[in-house]
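Chemist: here is my input; please provide its structure:
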Amino acid sequence: MFKIIKKVLLGSVSILIISVMTWTTILLNPSWSYAHETQIDFVTIHHNSELGEEATVVVKEAIDLIKRSPIYTKETKIDLCLNDDDFYKNIHPLYGKCLGYAVMDKTIIKNCSLNFKEKLAHTKWEENNFEARKFKLSYLFAHEFTHNLQFLDSPGFFFKSPWAFNWKLEGHADYTARGFQNDGLLKNKIDIYEEEKTKQHNGYTVLKLKDGTSQILSYYKYALVIQYLMEVKKLNFKQILESDLLLDNVYVEMIEWRNNE
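Modeler: Residues are numbered from 1 along each chain as shown. Below is the predicted model:
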């Protein structure tokens, strides 16, 4: 009986190892899933549909945003995998309803339609009562590219907690992708958030921006806290990541700073 159990366990472990190895190999080689590759600076776009010049413009805008980050290096290489392949966009089983996600040096676009001419990503999700929403495309790419930079800068952190949601990572990604660095507008943006959080919202809560696009409201809050920590408290990305800072505590401190300045 023990031999049978041992055989079954060894067989199950072997299947699991082979499955993980196969999944990892496919993940690391997106070119196997796509018909075309287009190189723009350090970003390789994987796509099935033909791309026009508008795509180059949008990706260059995103690249310019992340090059301002202190954790960007000239060794950076990123694969941008568009959602015109039904298999690859769903390769990660834990990412459900999202515009896109990042895994290691891969940015994968998922639940949105891309319009490079308009420079927009469009959504109409059931969770938002099918409300039509649009997001700035260069922002979407830059946000996920920043996650790629974060992994390349601090891979050990991701391997320690690969599935954990982290406000520090999301806040830093939005801080970078929205071009908040040293804009001198932190107090104004705090006022905007304080007013917006009291309103009723439909579905997933977003902030409507002046250009008609949306920003996830919680990410906006995280980005303000990151801006406060980096520009007022003078902490760098790694110091923030390795700290035991709690979001709510820092937010209260930031409000006190805003009120007393």
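
Chemist: just the buried positions in the helix or strand hosting Gln39, please.
Modeler: Using DSSP states H and E, Gln39 falls within strand 36-40. Neighbour counts using 16 or more other CB atoms under 10 Å place 38, 40 of strand 36-40 among the buried residues. C-betas here are computed from N, CA, C, even on glycine.

Chemist: what segments of the stretch 101-250 of the chain are helices?
Modeler: Per DSSP state H, counting those that start in this stretch, the stretch 101-250 of the chain carries helices over the ranges 137-153, 155-160, 167-177, 186-196, 217-227, 237-242, 247-260.

Chemist: least reliable of those going by mean pLDDT?
Modeler: Comparing mean pLDDT across these, the weakest is helix 155-160, with a mean of 77.

Chemist: so which bits of that one are buried?
Modeler: Residues of helix 155-160 classed as buried by neighbour count (16+ other CB under 10 Å): 157-158.

Chemist: how about residues contacting it?
Modeler: In this structure, residues lying in contact with helix 155-160 by CB atoms under 8 Å, 6 or more residues apart in numbering are 104, 150-151, 241-242.

Chemist: please compute how far it lies from its chain's middle.
Modeler: 16 Å (CA atoms, centre = their mean, to the nearest Å).

Chemist: ditto for stretch 39-51
Modeler: Centre to centre, stretch against its chain (CA atoms, centre = their mean), the figure for stretch 39-51 is 18 Å.

Chemist: same check on stretch 223-241?
Modeler: Distance of stretch 223-241 from the chain centroid (CA atoms, centre = their mean) equals 18 Å.

Chemist: tell me the buried residues in it?
Modeler: In terms of neighbour count (16+ other CB under 10 Å), stretch 223-241 has its buried residues at 223-231, 235, 237, 240-241.

Chemist: could I get the CA-only coordinates of that stretch as CSV?
Modeler: Extracted C-alpha coordinates of stretch 223-241, given in CSV (Å, rounded to 0.1, in the frame of the first residue of the first chain):
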residue,chain,number,x,y,z
ALA,A,223,0.5,57.2,-6.3
LEU,A,224,0.0,60.2,-4.1
VAL,A,225,1.4,58.4,-1.1
ILE,A,226,4.4,57.3,-3.1
GLN,A,227,4.9,60.9,-4.3
TYR,A,228,4.9,62.0,-0.7
LEU,A,229,7.4,59.3,0.4
MET,A,230,9.8,60.0,-2.5
GLU,A,231,9.6,63.8,-2.7
VAL,A,232,8.8,64.9,0.8
LYS,A,233,10.3,62.0,2.9
LYS,A,234,13.2,61.5,0.3
LEU,A,235,12.9,57.7,0.3
ASN,A,236,13.9,55.8,-2.8
PHE,A,237,12.0,52.9,-4.4
LYS,A,238,14.0,50.2,-2.7
GLN,A,239,13.7,51.8,0.8
ILE,A,240,9.9,52.1,0.4
LEU,A,241,9.7,48.5,-0.8
